[in-house]
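Colleague: Task: produce atomic coordinates for the following.
(one chain, ligands or ions: 1)
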Amino acid sequence: MNERKILIVDDVEVKFRVRNKVLKAIRGVSFDLYDQEILAIVGESGSGKSVITKTFTGMLESNGWISSGSITYFPSDDEGNIKPTDLVNTQRQITEPQTKKFILKNCKKIIKQLEKRKKLILETSVEKRKELTEKYNLKADEIALKKMKNENAFKESWFSRFTINKLEKRITQNKFILDLGDEDFKKTELNKIEYELTEVLKDYTQFTSISFIKKFSIGKAIKIMGNRFSQQTSLTEKEIKFINKKFKLKKYNSKLIMDLNELYKELLENNFEQYESFKSVEDDWKKIKNLNFINRKRANKEITKIRGKTIATIFQDPMTSLNPLLSVGFQICEVLKKHRNLSKNAAKKEAINLLEKVGIPNPEKRFKDIPSMYSGGMRQRVVIAIALACRPKILICDEPTTALDVTIQAQILELIRNLQKEYNFAIVFITHDLGVVASIATRIMVMYSGQVVEKGTVDEIFYNSMHPYTWALLLSLPQLGTKGEELYSIEGTPPSLFSKILGDSFAPRNKLALKIDYIHEPPLFKISETHFVKSWLLDKRAPKIEKPKELVNLHNFIKKQEGIKLNNEQ
Ligand SMILES: Nc1ncnc2c1ncn2[C@@H]1O[C@H](COP(=O)(O)OP(=O)(O)OP(=O)(O)O)[C@@H](O)[C@H]1O
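Modeller: Have a look, this model is predicted:
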């Protein structure tokens, strides 16, 4: 495997706006993609396999956004120079105004609610709590009585229904105060609020837009502070006056300004140890500062270039990428002319060459045919030819063989593998079928409810997997089934991504779940340089669990099987 990283994805979170609610589809995903490797992403439907790749192809739907994390892409140009590109920042610039508006509105709403809760907890004394409990218990009784006594009238009267609803709502809202028992409970509740506040502020800061005049004064204040921090010299009287007047006294409801104010205090005391924190705030500032019309246009251009040219995608349904009314040859030529600046004749010659490369018989003749005149497998070959026309550095294969029958599936896999060897691009191969990736991948990443739960080389995943979810995926391999018996399937369903997931998201479906799985999220345990597992079972204190017996001899079993062949065993 080539050691050069072509993509670094670090702690990425993706959210979607769905009918005024927020769904968190990706929850802190990190991985590296090496040049020329084949990385497979496996997991059930909805685990986030497609969404994570859309973050670097710039194809996130307009209701989605990357709420935190970084994605750096290191493509090399024709001269072999590498120019790192910050894909998160580029995409942030092109987030739809409507989505941006929603993010800010939603953040403001949550910040307000959290601040209110925090204030309530801090201000509510034991006596006050008692008084409230009595009052609301009384009200609750009152409502129950009213409902019971006057069921019909309640149904008919809009006003009484309205009042009772309002009262019930208020009781639920204040319920957590009534439930606030001892000081410890109060402290945990406050910690939770603080955590949630930092989370929303992360989003808020990234999408806040600041007026030109404010931008100027904040920018100048940051420049002054930057100089003082790096030179380790005190602020002059004039500088203090400027910051106090123009910036410090202003209340911008933003985390960045709050952080800057803290750092300003440190500077006033000549404490220069906070330089690192200052630099990270300065980085955040650069992102906010750049959110403007010109940069939006520039980012749009850059994303189109990346999307079309250097990172290409093949989808499950070839018709997603093909125009049914235009000839296949014309469609390939268009790409060649646009992305490789070829003349009409040269494009035609190259298109026929590509059709031949992907195994279309009689390419000169088939050049003029429209997609419906091709079979499913042949159409997928055409899509691969279009992807190749762009000379991609990364090829995303999103379930490219799922809709095809088994023989065609094997042929397409073979084709992708051969082309990868010839053209030396990296592949991210998405599938829910571990059997398919076994023969093609160098590394496998297992995803569950928007997180990576295990990643390793193909050998590590097949012969030494340690996460119960990976075991379940392996056990569902059709090749492991016994004739006449029902195939293994994972019980239950993944959690809703609309609400916050506490602890290990797989716990409710995992028979081996420990108590801690329901409380704390497990960290990613490092097993080897290439193998990582996100499960409390790997903690020193956890009971020793053996993997299912069916998987113990998987090595021998696979060797005997026709269906699966690991990539390194060819
Ligand atoms: N545009 C969108 N709006 C709202 N939710 C979305 C959107 N796109 C994806 N999601 C949600 O994000 C989650 C992850 O979706 P994703 O398509 O990545 O799953 P997947 O693992 O690729 O599954 P599949 O194999 O079914 O494609 C799902 O819960 C999905 O409903």
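Colleague: Buried residues, stretch 115-129. List them.
Modeller: Using 16 or more other Cβ atoms under 10 Å as the test for burial, stretch 115-129 gives 117, 118, 120, 121, 124, 129. Yep, even glycine has a C-beta here, placed from its N, CA and C like the rest.
Colleague: Relative to the ligand, which residue of the stretch 101-250 of the chain is the closest?
Modeller: Closest residue of the stretch 101-250 of the chain to the ligand, Cβ to the nearest ligand atom: residue 102 (12.5 Å).
Colleague: That residue contacts residue 18, doesn't it?
Modeller: No - counting by Cβ atoms under 8 Å, residue 18 is not a contact partner of residue 102; they are 10.6 Å apart.
Colleague: If you count surrounding residues, which of these two has more?
Modeller: Set residue 102 next to residue 18 and count neighbours by other Cβ atoms under 10 Å: residue 102 wins out with 17 against 12.
Colleague: So the more buried one: helix, strand or coil?
Modeller: helix (DSSP: H, G, I helix; E, B strand; the rest coil).
Colleague: Could you work out the most separated pair of the buried residues of stretch 115-129?
Modeller: Within the buried residues of stretch 115-129, 118 and 129 form the most distant pair, 15.7 Å apart (Cβ to Cβ).
Colleague: What confidence value was assigned to the spatially closest residue to residue 33 that is not a sequence neighbour?
Modeller: Nearest residue to residue 33, sequence neighbours excluded (Cβ to Cβ, 6 or more residues apart in numbering): residue 7, at 4.0 Å. pLDDT, the model's per-residue confidence, is 95 for residue 7.
Colleague: what do you get for the one 3 residues further on?
Modeller: According to the per-residue confidence, residue 10 scores 95 in pLDDT.
Colleague: thought it was touching residue 68?
Modeller: No - using Cβ under 8 Å, residue 10 is not in contact with residue 68, being 9.8 Å away.
Colleague: With neighbour numbers in mind, choose between those two.
Modeller: residue 68 (18 against 15).
Colleague: which SS class is that one?
Modeller: Relying on three-state DSSP, one would call residue 68 strand.
Colleague: With residue 8 as the reference, measure out to it.
Modeller: According to Cβ to Cβ, to the nearest Å, residue 68 stands 15 Å off from residue 8.
Colleague: Which residues of the stretch 401-550 of the chain lie near the ligand?
Modeller: 432, 497 (Cβ under 6 Å from any ligand atom).
Colleague: Kindly recompute the last result at 8 Å.
Modeller: Neighbours of the ligand within the stretch 401-550 of the chain, by Cβ under 8 Å from any ligand atom: 430, 432, 447, 450, 497.
Colleague: which residues touch residue 342?
Modeller: 336, 350 (Cβ atoms under 8 Å, 6 or more residues apart in numbering).
Colleague: name the element it belongs to?
Modeller: Assigned by DSSP states H and E, residue 342 belongs to no helix or strand.
Colleague: For residue 310, see how far away it is.
Modeller: Taking Cβ to Cβ, one finds residue 342 at 17 Å from residue 310.
Colleague: same thing with residue 71?
Modeller: 14 Å.
Colleague: Walk me through the domains of this protein.
Modeller: As assigned by the TED database, the chain contains the domains 1-75+395-408+428-569, 104-207, 212-294.
Colleague: The host helix or strand of residue 24 and the ligand, are they touching?
Modeller: Using DSSP H and E, residue 24 maps to strand 21-34. Yes - using Cβ under 8 Å from any ligand atom, strand 21-34 reaches the ligand at 23, 25, 26.
Colleague: out of those, who has the most neighbours?
Modeller: The most crowded member of the residues of strand 21-34 next to the ligand, judged by other Cβ under 10 Å, is residue 26 (28 neighbours).
Colleague: Look at the closest residue to that residue other than its chain neighbours and tell me its secondary structure.
Modeller: Closest residue to residue 26 apart from its sequence neighbours, by Cβ to Cβ, 6+ apart: residue 14 at 3.9 Å. What three-state DSSP gives for residue 14 is strand.
Colleague: how much space between residue 14 and the ligand?
Modeller: Separation of residue 14 from the ligand (Cβ to the nearest ligand atom, to the nearest Å) stands at 8 Å.
Colleague: How about the residues of this protein by the ligand?
Modeller: 14, 16-18, 23, 25-26, 43-52, 54, 60-61, 63-64, 398-399, 430, 432, 447, 450, 497.
Colleague: and the residues you listed, which are buried?
Modeller: Buried subset of the residues of the chain next to the ligand (neighbour count, 16+ other Cβ under 10 Å): 14, 16-17, 23, 25-26, 43-44, 46-52, 54, 60, 64, 398-399, 430, 432, 447, 450, 497.
Colleague: buried residues in stretch 404-414?
Modeller: So, applying 16+ other Cβ under 10 Å, buried residues of stretch 404-414: 404, 408, 409, 411, 412, 413.
Colleague: Now do the contacts for the closest residue to the ligand within the stretch 301-450 of the chain.
Modeller: Nearest to the ligand, among the residues of the stretch 301-450 of the chain, is residue 432, at 5.5 Å (Cβ to the nearest ligand atom). Shown in contact with residue 432 (Cβ under 8 Å, 6+ apart): 42, 43, 44, 45, 49, 399.
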